[in-house]
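S.K.: Return atomic coordinates for the entry below.
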Amino acid sequence: ITMASSSSSSPNLLTLILDITPSTWGQRKIIRSAKDKALAAKNKSSAGPATLMDDVLTAILALGVSFSCLNRDNALVVIAATEYEAAVIYPRKGGEGCME
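M.R.: Predicted coordinates for the structure are as follows:
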């Protein structure tokens, strides 16, 4: 039995697109607050809202590192989008991880 090493497999590209529209996150906070109040009335606890900076970006970082560990030649692109514009936030142009 021969096992293919990770270096001999083809590299992959993972593209993550984040919706960072303020109104979307504001709406989520309102809905979550209402659910939290309903749970509190029943003496149940809540996990709390997912926040963009703390929860989402931490999870994306963990996913990106895990994906990169699968094959050293894998590439990751993270795009942030709002209702008016979109921008590549990783890799930064000319920075570490740049594909140019």
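S.K.: Every contact and neighbour count from this point should use C-alpha atoms.
M.R.: Noted.
S.K.: next SSE after the helix or strand where residue 31 lies?
M.R.: Using DSSP states H and E, residue 31 sits within helix 22-41. Next along the chain after helix 22-41, taking DSSP H and E as the criterion, comes helix 57-70.
S.K.: So in that sheet, which strands flank the following helix or strand past that following helix, and in what orientation?
M.R.: Once helix 57-70 ends, the next helix or strand along the chain (criterion: DSSP H and E) is strand 75-81. Its sheet considered, strand 75-81 pairs with strand 13-19 (parallel), strand 86-90 (antiparallel) by DSSP bridges.
S.K.: which one of those strands lies closest to residue 75?
M.R.: Closest approach to residue 75 among the strands paired with strand 75-81 (C-alpha to C-alpha): strand 13-19, 4.8 Å.
S.K.: Next, name the residue at the spatial heart of the chain.
M.R.: residue 60 (3.2 Å; C-alpha atoms, centre = their mean).
S.K.: burial of residue 74, as a residue count?
M.R.: 16 (other C-alpha atoms under 10 Å).
S.K.: That one against residue 64, yeah?
M.R.: No. Residue 74 is beyond contact range of residue 64, at 9.8 Å (criterion: C-alpha atoms under 8 Å).
S.K.: quick revisit: and residue 25, which of the strands paired with strand 75-81 is closest to it?
M.R.: strand 13-19 (8.8 Å).
S.K.: Could you pull out the buried residues of that closest one?
M.R.: residue 18 (16 or more other C-alpha atoms under 10 Å).
S.K.: who's in contact with that strand?
M.R.: Outside strand 13-19, the residues within contact range by C-alpha atoms under 8 Å, 6 or more residues apart in numbering are 74, 75, 76, 77, 78, 79, 80, 81, 82.
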